[in-house]
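coordinates only, sequence not included:
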Ligand code: PSU
Ligand code: MN
């Protein structure tokens, strides 16, 4: 059966309880509805798990004693037998190890604004792990033009699923072009097969805009992002805490409109990923 990987950092550190738990289960149900098997990934007592059980997902959703693990953390998590939620980078790692080719998430990490030395290991993973990642673009809190250039440098194809521009997570456009537009899962599957047939070892990004009715208004998004960035700077939030802090601040300041957009795009991406996984199986 075709499998689709799902991440756990968005559950443990990206969304509030109990929406996060309900969302995690709903994403799994959406993948199943499309005829694929969901595999929510994480580390339990230091062991990589591709396919957390519902009670493990609940424990991750409660978030206590569950750290956020990116690539640099894996050896420490493993040696010390820690429980850890996986980011895009480490979910790619777990998925690849489990033989899963397709992974759905919300927004990609990338280059932070005004701090181009703070670059998510999500980009490192895309440069080195052959997994197809479906997302709504890079998170809008980031420096999107720099992030897009980095993807080019690293040799990561960026596909627009029903779009010509990379979406900007909360909003549908960014002004940044994709490398190719695909309007069906079959077209995406054909390019991914070609990627693998050529022996390319990078990942591939499939970007899908947030659903029309759920996307944030551009001006609202811009204002909320600026406010969150200012607050983070004032409080000196940095490193791995920065992304969760910014997302939580934006959810609060938009009266949960950002949260609704985030949930809607996660569901949309899970559905698209499952269709791509099915198309890969059939070709
Ligand atoms: N998108 C969301 N919520 C999240 C994330 C993305 O809607 O919590 C997470 C993903 O797991 C992504 C991580 O891999 O944020 C990036 O964090 P950093 O910039 O610290 O690498
Ligand atoms: Mn960082």
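That came in fine, so what should we check first? Keep in mind that this is a model prediction, so the values were computed, not measured. Ligands and ions are numbered 1, 2, ... in the order given.

contacts, neighbours, all on C-alpha from now
OK.

neighbours around residue 168, how many?
Neighbourhood size, residue 168 [other C-alpha atoms under 10 Å]: 27.

next up, the contacts around it.
Residue 168 makes contact with 136-140, 144, 174, 209, according to C-alpha atoms under 8 Å, 6 or more residues apart in numbering.

now the two most distant members of those residues.
Considering C-alpha to C-alpha, no two members of the contacts of residue 168 lie farther apart than 144 and 209, which are separated by 14.7 Å.

show me what the helix or strand where residue 26 lies is packed up against.
Assigned by DSSP states H and E, residue 26 falls within helix 19-33. Applying 3 or more C-alpha pairs under 8 Å, 6 or more residues apart in numbering; DSSP states H and E, one finds that helix 19-33 contacts strand 37-44, helix 54-62, helix 257-282.

and the first one, what does it pack against?
Spelled out, that is strand 37-44. Going by 3+ C-alpha pairs under 8 Å, 6+ apart, strand 37-44 lies up against strand 3-6, helix 19-33, strand 47-50, strand 84-86, helix 88-97.

now with 6 Å?
With contacts defined as 3 or more C-alpha pairs under 6 Å, 6 or more residues apart in numbering; DSSP states H and E, strand 37-44 has these neighbours: strand 3-6, strand 47-50, strand 84-86.

contacts for that strand next, please.
Contacts to strand 37-44, defined as C-alpha atoms under 6 Å, 6 or more residues apart in numbering, come from residues 3-7, 28, 31, 49-52, 83-86.

next, name the residue at the spatial heart of the protein.
Centroid-nearest residue in the chain: residue 105, 3.2 Å away (criterion: C-alpha atoms, centre = their mean).

buried ones in stretch 269-281?
269-280 (16 or more other C-alpha atoms under 10 Å).

tell me the one of those nearest ligand 2?
Proximity of the buried residues of stretch 269-281 to ligand 2 (C-alpha to the ion) peaks at residue 269, which lies at 23.6 Å.

any idea how far residue 95 lies from ligand 1?
14 Å (C-alpha to the nearest ligand atom, to the nearest Å).

thinking again about what came up before, the helices and strands packed on strand 37-44: which one's closest to residue 201?
strand 3-6 (18.4 Å).

hang on, the earlier thing: turn the helices and strands packed on strand 37-44 into JSON lines, columns for mean neighbour count and distance to ligand 1.
Below are those laid out as JSON lines (neighbours: other C-alpha atoms under 10 Å; distance: least, C-alpha to the nearest ligand atom, whole Å):
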{"stretch": "strand 3-6", "mean neighbour count": "30", "distance to ligand 1": "10"}
{"stretch": "strand 47-50", "mean neighbour count": "21", "distance to ligand 1": "15"}
{"stretch": "strand 84-86", "mean neighbour count": "30", "distance to ligand 1": "6"}
